[in-house]
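Trainee: Give me coordinates for this.
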Amino acid sequence: MLYLDHNATTPLDPAVRAEMDDCLDRTVGNPSSPHGLGQEAKRILDRARARVAALVGARSHEILFTSGGTEADNLAVFGSVAAIPARRHLVSVASEHQAVRNPVTHLAETGHEVSWAKIDRQGRIDPAGLAGLVREDTALVSVMLANNETGVIQPVAELAEPVHAKGALLHSDAVQALGKIPVDVAALGVDLLSLSSHKIHGPQGVGALYVRAGTRIAPLLFGGQQERGLRPGTENVVGIAGFGKACELATTRLAADADRVARRRGEFEAALRQRLPQIVVHGVAAPRLPNTSYIGFPGLNGEALALLLDLLGVAVATGSACSSAAHGPSHVLQAMGLSYQEAASAIRFSFGREHTAEDIALAVERVCQAVADLRRS
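Mentor: Prediction:
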């Protein structure tokens, strides 16, 4: 099986597994307990927190652990709005992941006002246009750093000054960007940044929210004082240890991995264009993550093509894994101005650092075979 769905989840790195196995073998304490075993668990948390912070240029105390990117996004959106109730307006983007879109939509349905920024045909926002939506009563502006479907990278850093000039907070969902491109909270100018472990070869079920020192947010859950009281509940020590190790590996491998994966992606797109000149690579004229290729196959149904590729031993996606149960094509592509039919023909290929040139050649052959089989049917 050729696994070309790394934007959905990544294989667990062997070094991460070893770190988690070691943690399981020697850690039985609750990190909130004062005895020696509890303090050993706390030391593991502290080390992981420092590793996550280092990857994004933050300080350790600015990292809160969560159950994943979705919880981090929800805490950022609902927590910031609850902390500044006098401000009833939010700004976000039509192409956001559901973990941001749905909380923002819920707030719109329960009394808040929301302005949705548009994206162009390549999937990029206009920073000046988005900044023009920010008002004196805006609580939060949320713009994802890199889109999970197209891989298109947004100019988040250009938003910091105009957003802060209005007294609003700036949040970015960096779940898909982490480990693929440099992510630095100071350079971005964000107040809140969402992260996830399983997109960078760490375990599923672990994430983090960066909260800039001095930024006020309210908790969604109420209980103990874990994670500065903003995310109560006993921490997932083993999973967090794995997340920390994955961040440490990403810190040292990022540049080399990005270069290698970008070459593989380039080989794939070039070979596929040569064999199937009618394909459309969405977002190709915009800055993209090095591993992501979202391709339209005109006249074909993307879901049927993905199913046939699965039978041929190639795992791909038609869009976000989180929206796979929803009917209809990608909301991201439709926000880019594509028709229903154009959006419905798209397949997302997302590559990983383990892929070789031989893997790419095999993937191209199988895609061409699947396309030919569908056209004959």
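Trainee: residue ranges of the helices in the stretch 1-150 of the chain, please?
Mentor: Under the criterion DSSP state H, counting those that start in this stretch, the stretch 1-150 of the chain carries helices at the ranges 14-26, 36-56, 69-83, 98-109, 127-131.
Trainee: For the third one, what is the distance to the chain centroid?
Mentor: Put plainly, it is helix 69-83. Remark: helix 69-83 is offset 15 Å from the chain centroid, using C-alpha atoms, centre = their mean, to the nearest Å.
Trainee: And for the last one?
Mentor: Computed by C-alpha atoms, centre = their mean, the separation of helix 127-131 from the middle of its chain amounts to 22 Å.
Trainee: Give me the mean pLDDT for it.
Mentor: Helix 127-131 shows a mean pLDDT of 96.
Trainee: Mind listing residues that contact that helix?
Mentor: Contact partners of helix 127-131, identified using C-beta atoms under 8 Å, 6 or more residues apart in numbering, comprise 91, 93, 117-118, 141, 143, 155, 158-159, 162-163. Where you see a C-beta, it was placed from the backbone N, CA and C, and this is true even at glycine.
Trainee: sorry, back to before: just send the helices of the stretch 1-150 of the chain back as CSV, with distance to residue 328 and mean neighbour count too.
Mentor: Listed next are these as CSV, based on distance: least, C-beta to C-beta, whole Å; neighbours: other C-beta atoms under 10 Å:
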stretch, distance to residue 328, mean neighbour count
helix 14-26, 36, 15
helix 36-56, 34, 19
helix 69-83, 21, 24
helix 98-109, 13, 18
helix 127-131, 26, 16
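Trainee: Now tabulate these in CSV and tack on distance to residue 302.
Mentor: Formatted as CSV, the helices of the stretch 1-150 of the chain follow (distance: least, C-beta to C-beta, whole Å):
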stretch, distance to residue 302
helix 14-26, 32
helix 36-56, 33
helix 69-83, 24
helix 98-109, 18
helix 127-131, 29
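Trainee: which stretch among the ones you listed comes nearest residue 202?
Mentor: Closest of the helices of the stretch 1-150 of the chain to residue 202 is helix 14-26, at 5.6 Å (criterion: C-beta to C-beta).
Trainee: so that closest one versus helix 36-56, what angle?
Mentor: Angle, helix 14-26 to helix 36-56, by axes from the mean of the first three to the mean of the last three C-alpha atoms, to 10 degrees: 160 degrees.
Trainee: Helix 14-26 packs against which elements?
Mentor: Secondary-structure packing of helix 14-26 (3 or more C-beta pairs under 8 Å, 6 or more residues apart in numbering; DSSP states H and E): helix 237-275.
Trainee: what's the angle from the helix it packs on to helix 14-26?
Mentor: If you take the same axes, to 10 degrees, helix 237-275 sits at 160 degrees to helix 14-26.
Trainee: so how far is helix 237-275 off the chain centroid?
Mentor: With C-alpha atoms, centre = their mean, you get 14 Å for helix 237-275.
Trainee: other SSEs contacting it?
Mentor: helix 14-26, helix 36-56, strand 292-296, helix 357-376.
Trainee: Of all these, which one is nearest residue 147?
Mentor: Ranking those by proximity to residue 147 (C-beta to C-beta) places strand 292-296 first, at 8.3 Å.
Trainee: if we look at whichever helix or strand comes after the closest one, which residues are touching it?
Mentor: For strand 292-296, the following helix or strand on the C-terminal side (DSSP states H and E) is helix 302-311. With C-beta under 8 Å, 6+ apart as the test, helix 302-311 has contacts from 297, 315-318, 329, 344-347, 366-367, 370-371, 373-374.
Trainee: tell me the angle of helix 302-311 relative to helix 357-376?
Mentor: Using the same axes, to 10 degrees: helix 302-311 against helix 357-376 is 130 degrees.
Trainee: Residues in contact with the next helix or strand after helix 302-311: which ones?
Mentor: Note on helix 302-311: by DSSP H and E, the next helix or strand toward the C-terminus is strand 314-315. Applying C-beta under 8 Å, 6+ apart, the external contacts of strand 314-315 come out as 1-5, 309, 363, 366-367, 370.
Trainee: if we can go back for a sec, closest one of the contacts of helix 302-311 to residue 40?
Mentor: Of all the contacts of helix 302-311, residue 40 sits closest to residue 315, with 39.0 Å by C-beta to C-beta.
Trainee: What average pLDDT does stretch 346-364 get?
Mentor: The average pLDDT for stretch 346-364 rounds to 97.
Trainee: then it to PDB, C-alphas only?
Mentor: Taking Å, rounded to 0.1, in the frame of the first residue of the first chain, the C-alpha atoms of stretch 346-364 are listed here in PDB:
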ATOM      1  CA  ALA A 346     -10.400  16.600  -6.800                       C
ATOM      2  CA  ILE A 347      -8.000  14.200  -5.100                       C
ATOM      3  CA  ARG A 348      -5.600  15.200  -2.400                       C
ATOM      4  CA  PHE A 349      -2.200  13.600  -2.500                       C
ATOM      5  CA  SER A 350       0.000  14.300   0.600                       C
ATOM      6  CA  PHE A 351       3.500  12.900   0.700                       C
ATOM      7  CA  GLY A 352       5.900  12.000   3.500                       C
ATOM      8  CA  ARG A 353       9.600  11.900   4.200                       C
ATOM      9  CA  GLU A 354       9.700   8.100   3.700                       C
ATOM     10  CA  HIS A 355       8.600   8.300   0.000                       C
ATOM     11  CA  THR A 356      11.200   7.400  -2.600                       C
ATOM     12  CA  ALA A 357      11.400   8.200  -6.300                       C
ATOM     13  CA  GLU A 358      10.300   4.600  -7.000                       C
ATOM     14  CA  ASP A 359       7.200   5.200  -4.900                       C
ATOM     15  CA  ILE A 360       6.400   8.300  -6.900                       C
ATOM     16  CA  ALA A 361       6.800   6.400 -10.200                       C
ATOM     17  CA  LEU A 362       4.500   3.700  -8.900                       C
ATOM     18  CA  ALA A 363       1.900   6.200  -7.700                       C
ATOM     19  CA  VAL A 364       1.800   7.900 -11.100                       C
END
